[in-house]
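S.K.: with the input below, show me the fold.
(one chain, ligands or ions: 1)
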Amino acid sequence: MPRLEAILGDITASKLDVVVNAANTNLAAGGGVCGAIFSAAGAGLPEACRELAPCPTGEARITPGFALNAKWIVHAVGPIWRGGDEDEAALLASAYRESLKLAAIVGASSIAFPAISTGIYGYPLLPATKIAIATCIAAPDVLTEIRFICFDESTLGIYEQALKSV
Ligand code: AR6
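M.R.: Down below sits the predicted model:
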């Protein structure tokens, strides 16, 4: 099982091998963590993303990290929350699982995730956190370190609580 931890921070500063972006299906720069990653990664990322788009919900794509400290960026598309009856849970789990798969394929050993779908896409934080942790526990063996980067104290509190029962 990988080492799982949650910290407060800005994912663009992460030095782990892979940074995960909470992307949209067009892999275009948006707001939230996606906008921050596009700004910090700089030139090259928009074009790399254009070549890989579209990325359906629940899937992921990988690009270099460009100006980030991370070697790679995995662009994972989580679901928009529509009340819970539109397969959101399975799609969110899939976004995490596909991200882990791509990271393993490039030989990464460490990966940083934001709380996918819980911002602009409106997924309730507690169930999203449980899905993130349950899916990451089953990561491919090469991934030894998985870090959840929480952008605010309330997100960190939920992750810390949920990680206690792992
Ligand atoms: N580092 C870590 N976490 C962050 C950062 C950061 N720099 N900035 C925001 N967060 P969101 P979504 C947190 O809205 O819900 C974009 O426009 C944020 O507080 O970024 O999956 C995309 O292009 C929240 O906890 O992603 C899509 O169109 C979490 O990251 C859409 O938004 C996710 O919030 C995706 O929406």
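S.K.: contacts and neighbour counts: CA atoms only from here.
M.R.: Will do.
S.K.: so who does Ala112 touch?
M.R.: Applying CA atoms under 8 Å, 6 or more residues apart in numbering, we find Ala112 in contact with Ile11, Ser14, Leu16, Val18, Val19, Val20, Ile146, Arg147, Phe148, Ile149.
S.K.: from these, which is closest to the ligand?
M.R.: The nearest member of the contacts of Ala112 to the ligand, counting by CA to the nearest ligand atom, is Ile11 at 3.9 Å.
S.K.: wait, the closest one touches Pro114, no?
M.R.: Yes - counting by CA atoms under 8 Å, Ile11 sits close enough to Pro114 to count as a contact (7.0 Å).
S.K.: which neighbours do the two share?
M.R.: What both Ile11 and Pro114 touch, as defined by CA under 8 Å, 6+ apart, is the set Val33, Ile149.
S.K.: which ones among the contacts of Ala112 also lie next to the ligand?
M.R.: Ile11, Ile149 (CA under 6 Å from any ligand atom).
S.K.: of the contacts of Ala112, which belong to strands?
M.R.: Val18, Val19, Val20, Ile146, Arg147, Phe148, Ile149 (DSSP state E).
S.K.: might one say that the fourth one is in contact with Met1?
M.R.: No - under the criterion of CA under 8 Å, Ile146 makes no contact with Met1, lying 10.1 Å away.
S.K.: looking at the two, which one has more neighbours?
M.R.: Neighbours per residue (other CA atoms under 10 Å) separate Ile146 from Met1, with Ile146 holding more: 23 against 13.
S.K.: helices or strands up against the longest helix that the chain contains?
M.R.: Ranked by residue count and defined by DSSP state H, the top helix of the chain is helix 88-105. If contacts are counted by 3 or more CA pairs under 8 Å, 6 or more residues apart in numbering; DSSP states H and E, helix 88-105 sits against strand 60-64, strand 72-76, helix 125-137.
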